[in-house]
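Chemist: Sequence first, predicted coordinates after that:
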Amino acid sequence: MAIFIRHCKQLLTPLAPGHGPVQKLTDAAVIIEEDRITWVGFDNDCPPSEDGDLVIDATGQTVTPGLIDAHTHLVFAGDRSDEFILRTQGATYQQIAASGGGISRTVTKTRDTTAFDLLRTARPRVNRWISQGITTLEIKSGYGLSTESELKLLRVIRQLKNESSIDISATFLGAHDFPVEFKDNREGFIQKIIKEMIPAVASDDLAEAADVFCESGVFSVEESRQILETALKNGLKVKVHADELSPLGGASLAAELHALSADHLLCITDKGIQDLAKSETVAMLLPGTAWFLKMPYAPARKLIESGAAVALASDFNPGSCTIDQFSFILMLAALYMNMTPDEILSAVTVNAAKALGRELETGKIAPGYRADLVLWNSPSWEHIIYHPTLNHAGKVFASGKLIYQSEIWNECLFL
Ligand code: NIG
Ligand code: FE
């Protein structure tokens with residue numbers, strides 16, 4: 001049985017990673033067979049369906065590839081609302097971390113929480129992402145910081161992956177911070193990551209990539225390099241939390257190591273921009289974090305104009321960004337980073353796919369690609385960016401299966 005999606009008001013798809021043109025077809029159709037897209041074009045040219053095929057009328061709907069959130073920390077326990085209030089009174093994220101709060105508080109709480117309870121709280125978060133048209137989702141560990149607790153988090157992510165209808169990519173972030181028991185023995189912790197954690201993660205195939213928080217006071221460029229080179233030797237891909245709070249040089253390190261992505265980049269230098277532009281490493285921008293931490297935004301325009309591929313993601317976590325409404329991230333990218341609607345679409349489809357090593361699998365609507373699609377109850381892609389508090393996802397297809405539908409309609413459709 002094939003699925004025919006007929007009369008899409010407008011179908012938008014980027015054609016390749018980067019910021020080339022986005023193809024826009026008015027009155028379009030798509031055919032899905034099993035988990036693949038087999039045909040896309042103008043509805044007038046659509047081959048006929050046969051008995052037993054499912055025909056869906058997408059009149060009035062905007063259609064895009066399934067969206068991709070390629071940077072989240074959504075498995076954790078507890079919350080840090082008290083730190084948020086301290087920040088509203090003038091304390092900075094770094095001051096709170098230095099006085100024993102921050103990541104290490106979430107680590108304490110997460111270590112004390114069972115895998116069952118972590119799964120119980122993460123599952124509805126994943127469902128919330130699905131309901132917003134996300135069909136590929138990256139989730140990092142990083143709130144365990146001991147071999148046992150990091151493996152616990154990665155097993156929770158694996159369980160989410162096994163039971164979910166979307167594609168979930170796990171990242172090992174054991175180098176997220178130094179745990180209390182290693183505060184005075186940095187080298188000891190680095191050796192633990194290198195000799196114990198990375199081999200255990202790789203041998204159990206628990207993650208596709210390793211990430212490091214390369215930041216002043218956390219992992220230096222040299223420490224990050226040592227950890228990421230070990231990850232590469234163990235068959236993992238790599239990515240970097242780079243130049244988030246200070247211009248340490250993480251972006252250049254990411255480019256040098258052929259990382260999938262360099263993430264955050266609020267403080268990236270011109271040299272970092274040039275290095276990324278010359279590389280295949282995706283610049284993963286997380287404007288929700290800049291907004292939540294009241295920091296300057298990453299220089300998206302400079303990155304795009306230099307030739308870097310820019311992706312956008314939520315960074316959802318309890319300390320630096322609690323925004324779980326993906327279109328709100330898109331609005332921030334438009335308002336504060338001056339990204340155009342086409343650039344934003346590429347950023348959350350093809351470029352995010354590339355940042356997960358999936359650019360030949362998903363992120364665009366073309367024959368042979370995985371049938372990850374969203375039919376939006378919205379008159380245009382621009383509306384999804386412009387009106388982020390409304391959930392516009394009408395029908396979400398992942399690997400050819402209808403996994404979510406909603407009858408909430410953007411009222412502008414009826415005007
Ligand atoms: O991406 N930068 C490091 N990690 C997260 C913050 C994690 C936390 O504060 O709990 C981030 O911003
Ligand atoms: Fe992050």
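Modeler: Thanks, I have the structure now. Residues are numbered from 1 along each chain as shown. Ligands and ions are numbered 1, 2, ... in the order given.
Chemist: which other residues reach stretch 187-200?
Modeler: The contact list for stretch 187-200 (CB atoms under 8 Å, 6 or more residues apart in numbering) reads 147, 150-151, 172, 174-175, 178-179, 182, 206, 210, 223, 226-227, 230-231, 234, 236. (Glycine included, C-beta is placed from N, CA and C.)
Chemist: out of those, which are inside strands?
Modeler: If you go by DSSP state E, the contacts of stretch 187-200 have Phe172, Gly174, Ala175, Ala210 in strands.
Chemist: How many residues are close by the spatially closest residue to the first one that is not a sequence neighbour?
Modeler: Once its chain neighbours are removed from consideration, Phe172 has its nearest residue in Ala207; the separation is 4.0 Å (CB to CB, 6 or more residues apart in numbering). The criterion is other CB atoms under 10 Å. On that basis, Ala207 has 26 neighbouring residues.
Chemist: Name all residues that make contact with Ala207.
Modeler: Counted by CB under 8 Å, 6+ apart, Ala207 has contacts Ser141, Leu154, Ala170, Thr171, Phe172, Val201, Leu236.
Chemist: tell me the contacts of the fourth one?
Modeler: Residues counted as contacts of Thr171 (CB under 8 Å, 6+ apart) are Glu138, Ile139, Lys140, Ser141, Ala207, Glu208, Ala209, Ala210, Asp211, Lys239.
Chemist: can you rerun that using 10 Å?
Modeler: 70-73, 138-142, 154, 157, 201, 207-211, 236-239, 260, 356 (CB atoms under 10 Å, 6 or more residues apart in numbering).
Chemist: cool, the first one as well?
Modeler: For Ser141, the residues meeting the contact criterion (CB under 10 Å, 6+ apart) are 73, 75-76, 110, 149-157, 170-174, 176, 197, 201, 206-207, 210-211.
Chemist: Quickly note the distance from the nearest residue to His392 once chain neighbours are set aside to Thr269.
Modeler: Nearest non-adjacent residue to His392, counting by CB to CB, 6+ apart: Ser378, 4.1 Å away. For Ser378, the distance to Thr269 equals 39 Å [CB to CB, to the nearest Å].
Chemist: Show me which of the two is the more surrounded one.
Modeler: Neighbour count, other CB under 10 Å: between Ser378 and Thr269, Ser378 has more, with 26 against 16.
Chemist: The more buried one reaches Phe414, doesn't it?
Modeler: No. Using CB atoms under 10 Å, Ser378 makes no contact with Phe414, being 11.8 Å away.
Chemist: Give the residues shared as contacts by the two.
Modeler: With CB under 10 Å, 6+ apart, Ser378 and Phe414 have common neighbours Gly60.
Chemist: just to revisit the earlier point, how about the contacts of Ala207 in TSV, adding pLDDT and distance to Ala2?
Modeler: TSV is the format used below for those (pLDDT from 0 to 100; distance: CB to CB, whole Å):
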residue	pLDDT	distance to Ala2
Ser141	98	39
Leu154	98	37
Ala170	99	32
Thr171	99	35
Phe172	99	39
Val201	98	40
Leu236	98	38
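Chemist: and which of the residues you listed is nearest to Ala313?
Modeler: Nearest to Ala313, judged by CB to CB, of these is Thr171 at 11.7 Å.
Chemist: Return the backbone torsion pair for the spatially most central residue of the chain.
Modeler: Centroid-nearest residue in the chain: Ala70, 1.9 Å away (criterion: CA atoms, centre = their mean). Main-chain dihedrals, Ala70, degrees, to the nearest 10: phi -100, psi 20.
Chemist: Mind checking which of the contacts of Ala207 are in helices?
Modeler: Leu154, Val201 (DSSP state H).
Chemist: Which element, helix or strand, includes the residue in the stretch 301-415 of the chain that ligand 1 sits nearest to?
Modeler: Nearest to ligand 1 in the stretch 301-415 of the chain, going by CB to the nearest ligand atom, is Gly319, at a distance of 2.3 Å. If you go by DSSP states H and E, Gly319 is not part of any helix or strand.
Chemist: So it is in contact with Asp82, correct?
Modeler: No. The pair formed by Gly319 and Asp82 falls short of the contact definition of CB under 10 Å, at 11.3 Å.
Chemist: got a list of contacts for stretch 89-99?
Modeler: Stretch 89-99 has contacts (CB under 10 Å, 6+ apart) with 80, 82-87, 101-105, 177, 215-218, 244-246, 289, 292-295, 319-320.
Chemist: do that stretch and ligand 1 meet?
Modeler: No. Stretch 89-99 is not in contact with ligand 1 by CB under 6 Å from any ligand atom; minimum separation 7.1 Å.
Chemist: residues contacting the residue nearest to His392?
Modeler: The neighbourhood of Ser378, defined by CB under 10 Å, 6+ apart, consists of 9, 60-62, 327, 384, 386-387, 390-394, 409-410, 412-413.
Chemist: repeat that with 7 Å
Modeler: Taking CB atoms under 7 Å, 6 or more residues apart in numbering, we find Ser378 in contact with Thr62, Ile384, His392, Asn410.
Chemist: Give me the subset of those that lies in strands.
Modeler: Using DSSP E, the contacts of Ser378 in strands are Thr62.
Chemist: Which stretches in the stretch 301-415 of the chain count as helices?
Modeler: With DSSP state H, counting those that start in this stretch as the criterion, the stretch 301-415 of the chain has helices at 326-337, 341-347, 350-355, 381-386.
Chemist: burial of Thr92, as a residue count?
Modeler: Using other CB under 10 Å: Thr92 sits among 14 other residues.
Chemist: circling back to that earlier point, out of Gly319 and Asp82, which sits in the more crowded spot?
Modeler: Ranked by neighbour count (other CB under 10 Å), Gly319 and Asp82 place Gly319 first, with 24 against 11.
Chemist: Please report phi then psi for that one.
Modeler: The phi/psi pair for Gly319 (degrees, to the nearest 10) is phi -110, psi -40.
Chemist: was I right about it contacting Gly102?
Modeler: Yes. Look at Gly319 against Gly102 with CB atoms under 7 Å: they come within range, at 5.9 Å.
Chemist: for stretch 275-288, which positions count as buried?
Modeler: Judged by neighbour count using 16 or more other CB atoms under 10 Å, the buried positions of stretch 275-288 are Asp275, Leu276, Ala277, Ser279, Thr281, Val282, Ala283, Met284, Leu285, Leu286, Pro287, Gly288.
Chemist: Kind regards, and thank you for your time.
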